[in-house]
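>>> what's the 3D shape of this:
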Amino acid sequence: MAKMTSQPQSFSQGLFSEDTVKTAAFGAKASTADGRTYRYCKAGATALVAGKVYDGPASVANHKNVTVAAAAAIGATSITVTLGATAATANQYADGVIVINDEAGQGFTYGIKSHPAADASAALVLTLHEDESVQEALTTSSQASLVANRYNGVIIHASAETGIPVGVAIKDITAASYGWVQTGGPVSCLSDATVGTIGSSVAASASTDGACTIGDGILAPIGYADQLMVSTEYNPITLTIDS
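Take a look at the predicted model:
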């Protein structure tokens, strides 16, 4: 098992600061005394903008259902896979997981601590988190899927969805830098619709990048309207992503 933590935790990086060095686990949860909640993240290739909705990184099809390249005994602290036709950057899956989806070891999930870069169709060695090791031996017939931590490289919520909403930026953060996005409680958020009913469901927009809109039961819900909302303005909503 990975080391487990519980609230409260303390963090060296403040809510309205950014850093070029990672100081906490991706997805680490922080909260303020008034109940607002936040998750620690890394900005993707484009800078974050305050008040806009962000998604986790897009899934990589060629990193799913890949083969285990070398047998791993019970107690092994690393797993080697052979990637499909897409390269992996260093630590692309840090604080993410590897899911054993078929053959020996299937049904187990392991946390990834780190890994080097690897070329397309090459072997990738994944180091597991401390206190976490292979529980059922893997063979070269085993198949696995790599799942990135959804806070490792957050991207603007696009009108054509590629991921799930993970939070709203509370400050501008430089591309590839580290900081916080808000996941629960009241926040300023760009809207692309006028909402005339307080308490209306709010979802990530399917027409304006980074905006929220009126919930329709199909779009990904992120919260509800605190006040009457005006289109193209940054309105107060209450986030429920972490509820």
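>>> for the closest residue to Pro116 other than its chain neighbours, what are its contacts?
Take Pro116 and drop its neighbours on the chain: the residue closest to it by C-beta to C-beta, 6 or more residues apart in numbering is Ala90, 5.6 Å away. Where you see a C-beta, it was placed from the backbone N, CA and C, and this is true even at glycine. Contacts here follow C-beta atoms under 8 Å, 6 or more residues apart in numbering; on that basis Ala90 touches His115, Pro116, Ala117.
>>> Next one: the last one from Val125, what distance?
Spatial separation of Ala117 from Val125 under the definition C-beta to C-beta, to the nearest Å is 11 Å.
>>> and if you look at Gly196?
The value you get for Gly196 to Val125, if C-beta to C-beta is used, is 55 Å.
>>> Please apply the same query to Val154.
Separation of Val154 from Val125 (C-beta to C-beta): 26 Å.
>>> before we move on, what about Ile155?
Distance from Ile155 to Val125, counting by C-beta to C-beta: 27 Å.
>>> Ok, Ala33 next?
Taking C-beta to C-beta, one finds Ala33 at 43 Å from Val125.
>>> ditto for Gly51
With C-beta to C-beta as the criterion, Gly51 and Val125 are 40 Å apart.
>>> ok, and the closest non-adjacent residue to the most centrally placed residue in the chain?
A centroid search over the chain (C-alpha atoms, centre = their mean) returns Arg150, at 1.1 Å, as the residue closest to the centre. Beyond its immediate neighbours in the sequence, the residue positioned closest to Arg150 (C-beta to C-beta, 6+ apart) is Gly56, lying 3.0 Å away.
>>> Verify the stated contact: the one you found with His157.
No: with contact defined as C-beta atoms under 8 Å, Gly56 and His157 do not form a contacting pair (10.0 Å).
>>> quick one: common contacting residues for those two?
When contacts are counted by C-beta under 8 Å, 6+ apart, Gly56 and His157 are jointly contacted by Gly163.
>>> so the residue nearest to Val60 when sequence neighbours are not counted, which of the three states?
Ranked by C-beta to C-beta, 6+ apart and with sequence neighbours excluded, the top spatial neighbour of Val60 is Thr86, at 5.5 Å. For Thr86, the secondary-structure state derived from DSSP: H, G, I helix; E, B strand; the rest coil is coil.
>>> before we move on, the earlier item: show me which of Gly51 and Val125 is the more surrounded one.
Set side by side, Gly51 and Val125 show more neighbours around Gly51, with 21 against 14, by other C-beta atoms under 10 Å.
>>> shouldn't the more buried one be in contact with Val181?
No: the criterion here is C-beta under 8 Å, and Gly51 misses it with Val181 at 11.2 Å.
>>> Fine by me, we can end here.
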